[in-house]
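Undergrad: got a structure for you, letters missing:
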């Protein structure tokens, strides 16, 4: 019996900025409904990997396929329209749009016709946003901006959600609310790539993980394997 085709299949990808190469033959696969954690110290290529998948960086070699279609080199808007949504590092909400306007502007059916994620469902998952729906992006706290960035991605009804350091710099209580939201998304069967430094939380929520070191995959394996071998944390993550 042959294995199903991955939803996202990154194979042998090299990429960088000008003459500076950052990724050296990266492989990454995500199945439908699967959560893959991407870990590594700062500056090891995690965000460049995300930017390459999203079309913000053009790969110099290798292939990227999504839902059976080659997407390497496509413009970012076409990658997004294919069914991938990004919650970027730094949130990047629009300062002069209200919460309601953010969600309304991005709300659309998914590429396969899914309509489950609406602004109302986002407000149900993040009640703090519901009480701030008329506030502008620059009037929100950092945690509220992060909730909005996640909600903005969800209302595109993606097949794959990528979160780049979604809990970075947040207060502990807000961070816990984000992790609870990710658990809800897991229960809903949404495929995700989660880049984060909190290894224990990734082990609890993820299916498989890769550790990126100097632009290469230094380790890959299951949550069980990563959770059982703390030497990996110290060797590759400084945890």
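TA: The structure has been received and is ready for your questions. Not measured: the values here are computed from a predicted model. Numbers count the residues shown, from 1 in each chain.

Undergrad: could you pull out the strands for this structure?
TA: With DSSP state E as the criterion, the chain has strands at 8-17, 20-30, 35-39, 61-66, 69-70, 84-87, 160-164, 191-195, 208-213, 216-222.

Undergrad: so where's the chain shaky on pLDDT?
TA: Along the chain, segments meeting pLDDT under 70 span 1-3, 239.

Undergrad: ok, what's across the strand from the spatially most central residue of the chain?
TA: By C-alpha atoms, centre = their mean, the mean C-alpha position of the chain lies nearest to residue 162, the distance being 1.5 Å. For residue 162, the beta-bridge partners are residue 86, residue 193 (DSSP bridges).

Undergrad: thought it was touching residue 196?
TA: No. Counting by C-beta atoms under 8 Å, residue 162 stays clear of residue 196, with 11.7 Å between them. In short, each C-beta sits where N, CA and C put it, glycine included.

Undergrad: what's the neighbour count on residue 134?
TA: 10 (other C-beta atoms under 10 Å).

Undergrad: Could you do residue 190 as well?
TA: So residue 190, with other C-beta under 10 Å, has 23 neighbours.

Undergrad: which ones are touching it?
TA: 33, 158, 160, 161 (C-beta atoms under 8 Å, 6 or more residues apart in numbering).

Undergrad: Distance across stretch 75-87, terminal residue to terminal residue?
TA: For stretch 75-87, the first and last residues are 17 Å from each other (C-alpha to C-alpha, to the nearest Å).

Undergrad: Show me what it is in contact with.
TA: Residues from elsewhere that reach stretch 75-87, judged by C-beta under 8 Å, 6+ apart: 8, 50, 53-56, 66-67, 69, 71, 74, 110-112, 146, 149-150, 153-154, 156, 158-164, 166.

Undergrad: Many thanks, we can stop here.
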